[in-house]
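Trainee: No sequence on hand, only this structure:
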């Protein structure tokens, strides 16, 4: 069974909920993908993934029949190309603070004429079930998504320029970092009123530009709130949170009088 693209899942379901996997163990990524998430994200920025665990994790997620997303480390646009060659359906790039950053990201993630991605998608073609290289080249720029993370004052100021960069398909809001930036380091509070107002403005401007918008939610309640607001991709918690919540719930039940 070929792994579906995130584009096709978004088209069929609207808003997508992604698992967020920091642990470099493919069975954890696969288990999360089988739990009912629409897709699974492997986090290299703050998670423990390296290129090998990303390669194995993408294969495990594909086995579960959902698309894989990779968040690359800050500025590691070479990894964007590698992750796409490994079969990632989308790339989230953190700390995109300018149109220049966005162009470097798009250059690495898209084939000409949008970018300069080098040819070598052997694993990606296997997972997508495509054997015709010409067909893959023709379709892959549209089938793989680039999410530029907006999480600083500089990114907010350059948002319209970032959205206008050819090859940037979407933005992804890092609400915790954004809240730190907007408070000048005084607090980290994703749900703070000024932070939510800024996030809503980013969402509106992205959609007005014909681009997708994603955001990270710490709780199911927050995720539901973001779905109602119209976000296209919502990351729900992390694998560590899933484990702790399941363990504490089961322990509470076991110890109940």
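Mentor: Sure thing, it's come through. What you are looking at is a predicted structure, and each value in this text was computed from that prediction instead of being measured.
Trainee: In this structure, mark out all the strands, start to finish.
Mentor: 16-21, 39-43, 68-71, 90-93, 145-150, 170-173, 212-217, 233-236 (DSSP state E).
Trainee: Please identify the pairing partners of the third one and their relative orientation?
Mentor: According to DSSP bridges, strand 68-71 forms sheet pairs with strand 39-43 (parallel), strand 90-93 (parallel).
Trainee: what is the mean pLDDT for it?
Mentor: Over the span of strand 68-71, the pLDDT mean works out to 98.
Trainee: circling back to that earlier point, I'd like to know which of the strands paired with strand 68-71 is closest to residue 7.
Mentor: Evaluated over those, closeness to residue 7 peaks at strand 90-93, with 8.4 Å, by CB to CB. Heads up, the C-betas are built off the backbone N, CA and C, glycines and all.
Trainee: what comes into contact with that closest one?
Mentor: Strand 90-93 is touched from outside by 6, 39, 41, 67, 69-72, 77, 80, 83-84, 101, 105, 109, 144-149, 172, 214, with contacts defined as CB atoms under 8 Å, 6 or more residues apart in numbering.
Trainee: again, 7 Å this time
Mentor: By CB atoms under 7 Å, 6 or more residues apart in numbering, the residues outside strand 90-93 that reach it are 6, 41, 69-72, 80, 83-84, 105, 109, 144-149, 172.
Trainee: Any of the residues you listed buried? List them.
Mentor: 6, 41, 69-72, 80, 83-84, 105, 109, 144-149, 172 (16 or more other CB atoms under 10 Å).
Trainee: Next one: the spatially most central residue of the chain from residue 139, what distance?
Mentor: Centroid-nearest residue in the chain, with CA atoms, centre = their mean: residue 92, separated by 4.5 Å. Separation of residue 92 from residue 139 (CB to CB, to the nearest Å) stands at 21 Å.
Trainee: Residue 136 against residue 121, yeah?
Mentor: Yes: counting by CB atoms under 7 Å, residue 136 does reach residue 121; the two are 6.3 Å apart.
Trainee: More neighbours: which of these two?
Mentor: Counted by other CB atoms under 10 Å, residue 136 and residue 121 do not tie: residue 121 has more neighbours, with 23 against 17.
Trainee: Pull the contacting residues for the more buried one.
Mentor: For residue 121, the contacting residues are 84-85, 136, by CB under 7 Å, 6+ apart.
Trainee: can you rerun that using 8 Å?
Mentor: Neighbouring residues of residue 121 by CB under 8 Å, 6+ apart: 84-85, 136, 140.
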